[in-house]
Each structure stands twice: as C-alpha cells, then as structure tokens.
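> Okay, sequence plus prediction incoming.
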Amino acid sequence: MSLPGAGNGRPRRGPLPLTWLYAPGDRPEVVRKALGSGADVVIVDLEDAVAPDRKAYALDATAELLSDTHPVPVHVRIHTPLDIPVLASLPGLGGLRLPKVTHASDIHRINELAPGLPLYPLLENALAVEQAYAIATAHPAVRGLCLGEADLRADLGVREDSGLDWPRSRIVVAARAASLPPPVQSVHPDIGDLEALAAGCARGRALGFLGRAAIHPRQLPVIARAYLPTPQEVDAARAVVEAAEADRGALALADGRFVDAAVVAGAHRVLALAERTV
C-alpha cells in the first residue's frame, strides 16, 4: 500500500541547495552582496529582520530587485499574505517562505494568491509540528518544510537545544513521507561561534536534515563542509555500489557490512550529493 502523498506528482528537480542565506529586505545593498556570496539560495526577509516602520520600504525594494532575474535563486520570506500580490508575478522570484503556517488550509490560501509558485512553510509552534504531514501534502506547490526554531522554542518552553530534537525528527519524517527533499536546518544565530555552528550542523545531518539557513556569509562554508560527504563516506558508498552492480542480491562486503537494496539506495544518494547532482 502506498502512502498518501508519496508519488504525489512532484517533479524531481536539480541540485539540492545546501546553503540558504537570509538578507534583510530593507537593505538592498546587503541583498546584492548576498547574491555574490556563494550561497545556493538567497532569502530576502520581509519579516523578523525588518523593523515595523520599514516594512513598506522593504517590500518596494524587494519588488524592484525581483523585477529582474539573478544567477542565484531568490526566495522571499513574506511578512503578510498582502505582500504576495506585489511579488507573485515578478520574474526574479523563485519561491516564498511562509511564516507561522499551522494548517493545510494556509497553503491553499497562499497558492490562490500565487498559483504554482514554490512554497516553503515555516512550522513555528506545536500545532504546526503536529500538522506537519498535512501541511507537506497540502498542495504540490509545497517544495519543502522548515522549522522556525526560535518561535518554536518559545512556544514549547524548551531550555536546552536537545529539547527540539523530537520536532526536528517529526518534520524529517513528514517531509520524507510526502516525497519532499529533506528539510533545511534553522539558522544558528551566533555568527561568531563557527565551532558551535559546525557541531549543530553535524547534529542536524545525523537527524536527517540536508543543508542549513545562514544569517552571515561566513557561515556558508561551514554549512557546506558539514553536509557534503567526507572522502571516506564517498569511498564506502562507491564500494557498496560496485558490489551491488556485481551481484543484484543481498550480500556482505569484505569488511562484514551487509548490503541490501536500502543500503545501495543510500550509497547512491551519498555519491550524488558528493557531485551535487541530487
């Protein structure tokens, strides 16, 4: 029996991005620097990064930026659905990040304002986490799930970072069940502590995330290194694939590792990610 939402018609797309760089919408000069930073995707933020009295200016500046296309995909984290009619038809807009989504009906309302535009809902409270699979399968326009960890931490009263591991795993499972790419980790807010960023990325990778959002360009290489396979992982994956090509049944490698179809599929994912061709 197939899962509802698995095989839901979502097309397989090109390279999965590993680095997503936020830039405040009311600072066009910062956005333009972000476009040249090497990030896989730039997210123009109209929400938390913009003061209330600068929201209108941020929207206008972002609309001007998106009146043209850019070599790097540009997404926008909206402040309110009222932003969408201003942005939806602009040629430079690659997707919308949607704050405070809690129900599948939120996705339907947004899609009516921007039909077919890629949507990335941010799950920022307990109800949203509980609704993760319904949100993920609400419409084919949903292309990925993300946690808004700062708001979720406050909503749950979590004091230790490990207290978010269950919601993190919850959206990893929901994304997989919905045939979506693995979720992208939430930002690490301390731009000066790159060791903590690397450790957090390693934890996120262990939980099933792929890539991470950043708030400063100096975080980008740390994220990329953490999520790309190591040479040892590539060699191990290649050995699995070569063994499988020689024998289509279940088998054990010389080092005692057991290889079956699931292990082979995982090895192919490692090799594809190493070449950024996922």
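Alright, I've got the coordinates. Residues are numbered from 1 along each chain as shown.

> Please enumerate the strands of the stretch 101-250 of the chain.
For the stretch 101-250 of the chain, the strands defined by DSSP state E, counting those that start in this stretch cover 119-123, 146-147, 212-214.

> For P183, find the nearest of these.
Checking the strands of the stretch 101-250 of the chain against P183 by CB to CB gives strand 146-147 as the closest, at 6.0 Å. Where you see a C-beta, it was placed from the backbone N, CA and C, and this is true even at glycine.

> one step back: now the strands of the stretch 101-250 of the chain in TSV, with mean pLDDT and mean neighbour count?
Shown next, in TSV, are the strands of the stretch 101-250 of the chain (pLDDT from 0 to 100; neighbours: other CB atoms under 10 Å):
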stretch	mean pLDDT	mean neighbour count
strand 119-123	98	25
strand 146-147	96	24
strand 212-214	98	23
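
> what about stretch 24-40, start to end distance?
Its start and end residues considered, stretch 24-40 measures 17 Å (CA to CA, to the nearest Å).

> any weak-confidence spans in the stretch 151-278 of the chain?
Counting by pLDDT under 70, the stretch 151-278 of the chain has low-confidence residues at 246-257, 277-278.

> ok, back up a step: nearest to L273, out of the strands of the stretch 101-250 of the chain?
So among the strands of the stretch 101-250 of the chain, strand 212-214 is nearest, using CB to CB, at 14.4 Å.

> helices or strands next to that closest one in the packing?
strand 19-24, helix 194-207, helix 220-227 (3 or more CB pairs under 8 Å, 6 or more residues apart in numbering; DSSP states H and E).

> pLDDT averaged over the helix or strand just after the first one - what is it?
As assigned by DSSP states H and E, the chain's next helix or strand after strand 19-24 is helix 28-35. When the per-residue pLDDT values of helix 28-35 are averaged, the result is 97.

> Report the buried residues of helix 28-35.
Neighbour counts over helix 28-35 (16 or more other CB atoms under 10 Å) mark 28, 31, 34-35 as buried.

> re the thing from before, give me whichever of the helices and strands packed on strand 212-214 is most buried.
Of the helices and strands packed on strand 212-214, the one with the most neighbours on average (mean count of other CB atoms under 10 Å) is strand 19-24, at a mean of 24.

> helices and strands around that strand, which ones?
Based on contacts counted as 3+ CB pairs under 8 Å, 6+ apart, the elements that strand 19-24 packs against are helix 28-35, strand 41-45, strand 212-214, helix 220-227.

> CA atoms only: put the first one into CSV for me.
Below are the C-alpha coordinates for helix 28-35, written out as CSV (Å, rounded to 0.1, in the frame of the first residue of the first chain):
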residue,chain,number,x,y,z
PRO,A,28,19.2,46.3,-0.9
GLU,A,29,22.9,46.6,-0.7
VAL,A,30,23.2,43.7,1.7
VAL,A,31,20.9,41.6,-0.6
ARG,A,32,23.1,42.3,-3.6
LYS,A,33,26.2,41.2,-1.6
ALA,A,34,24.3,38.1,-0.6
LEU,A,35,23.7,37.3,-4.3
